[in-house]
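In: Show me how the following folds:
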Amino acid sequence: MKRNGTRLFGTISFAATAIGTFLVGISYNLPDSAYMVFFAGIFITKLATYGIQMLCFQLCATWFNKSRGRVLGIVTIAAPLNSATSTTLLTLGQNALGFQFTYFIVGAILVAATVLTFIFAVTTPEEKGLTVDGLLDGVKKEENTVTRQKPRLTMKDILTNPNTWRLTITFGIFSGTIGPVMGFFISRMNEVNVATPTALTILTFASLLGIVLSYVYGWIDDKVGTFFSCRILSIGYVLMMVCFYFGSADNFILIILAGVCMASMTGGTPNLHPSAIMKTFGAREYQNANCYITIGVSLISSFGMQLMSVVTDATGSLDMSYVIFGVLATVATISIWNTKIVVKE
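Out: Residues are numbered from 1 along each chain as shown. Model prediction:
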């Protein structure tokens, strides 16, 4: 992306996602011996969606500055919206049209997205005679050429900067907490005698509220500051673990509060993860720093589900898991509170 711009990179990413989706659909009617087609489709789709994510965030970095938080808030609404709708829509499609045809429809939508990306994905606003935030005048040209300059930080500069590791630890823990908390939510509610229909209602409420909070975090990001938003998010993670530990059918208000914190988690983390990197390293260095930070975040977050599963199996309860994740959330909170700007925009 740094060499060829977002258009080529985005077009390839969307096209690969479409191919992977079609492979998953095709595999449905193939013999069991052709299971590799299914795994190839899943593998291609997984990698390509990371590329699409990088495309979206890079465009946000280069096209927006003063409104970047709100734009990211709108873009990352996709995360909680997906949690609230994707399973239901795919199930309805499978019941009405069948597994294969449903995936073919999704693949066709991705083909259309590929074409639109090829036509409209422009790396910098200057290519269209605009400036950052879409301003046409009143802004000095030199203030808006940053997105066209090459990154100056080397790999050594990034990896030896403590803020890189602070961001990596913070969002590695945050991202690694989302899966276990959502995945074990119903189990926890059963443990503390909250009825399953009530638990499902809270889960839906959290997903829908997350859509709203995604934009709210973006607004706070623009108006107050990125790091201030991150600090609110981090406190929400710690509070969530406290609520899960002490919440029960007898302390139902804590369960409600835990649901609100879950909404904060699903709405705020996808938004503030790229925004914090952009704020710390600037738009020019964003992708340069992001490629290293994201590797670390992915490695740390990959252990989240396994950690909660192992601790729960060993203790027979989720209590100790919430204590451990509460400690991790505290570490993340301390880390993000100490993060400083490296490159000023």
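In: quick one, helices of the protein?
Out: 5-27, 35-63, 68-75, 78-97, 99-120, 155-159, 162-183, 185-191, 196-223, 226-246, 252-301, 304-315, 319-337 (DSSP state H).
In: Among these, which comes closest to Gly129?
Out: Gly129 lies closest to helix 35-63 among these, at 13.3 Å (Cβ to Cβ). In short, each C-beta sits where N, CA and C put it, glycine included.
In: Per the annotation, how does this protein divide into domains?
Out: Following automatic domain parsing, one finds the domains of the chain at 5-144, 153-337.
In: winner for burial among those domains?
Out: domain 153-337 (a mean of 20; mean count of other Cβ atoms under 10 Å).
In: ok, now how distant is Asp32 from Phe38?
Out: For Asp32, the distance to Phe38 (Cβ to Cβ, to the nearest Å) stands at 10 Å.
In: what does Gly210 give?
Out: Where Phe38 is concerned, Gly210 sits at a distance of 30 Å (Cβ to Cβ).
In: Contacts only, for the residue nearest to the spatial centre of the chain.
Out: Here the mean C-alpha position of the chain is nearest to the C-alpha of Pro270 (Cα atoms, centre = their mean), at a distance of 3.1 Å. Taking Cβ atoms under 8 Å, 6 or more residues apart in numbering, we find Pro270 in contact with Thr76, Ala78, Ala79, Ser214.
In: Surely the last one is in contact with Thr269?
Out: Right, the one you point to is Ser214. No: between Ser214 and Thr269 there is no contact under Cβ atoms under 8 Å: 9.5 Å.
In: what residues do those two have in common as contacts?
Out: With Cβ under 8 Å, 6+ apart, Ser214 and Thr269 have common neighbours Ala79.
In: Would you mind confirming that Ser321 is in contact with Met308?
Out: Yes: the pair Ser321 / Met308 is scored as a contact, 4.7 Å apart, by Cβ under 8 Å.
In: Are there residues contacting both of those two? Which ones?
Out: Between them, Ser321 and Met308 share the contacting residues Pro180, Phe184, judged by Cβ under 8 Å, 6+ apart.
In: for the helices of the chain, which one sits closest to Val343?
Out: Comparing the helices of the chain by Cβ to Cβ, helix 252-301 comes nearest, at 3.8 Å.
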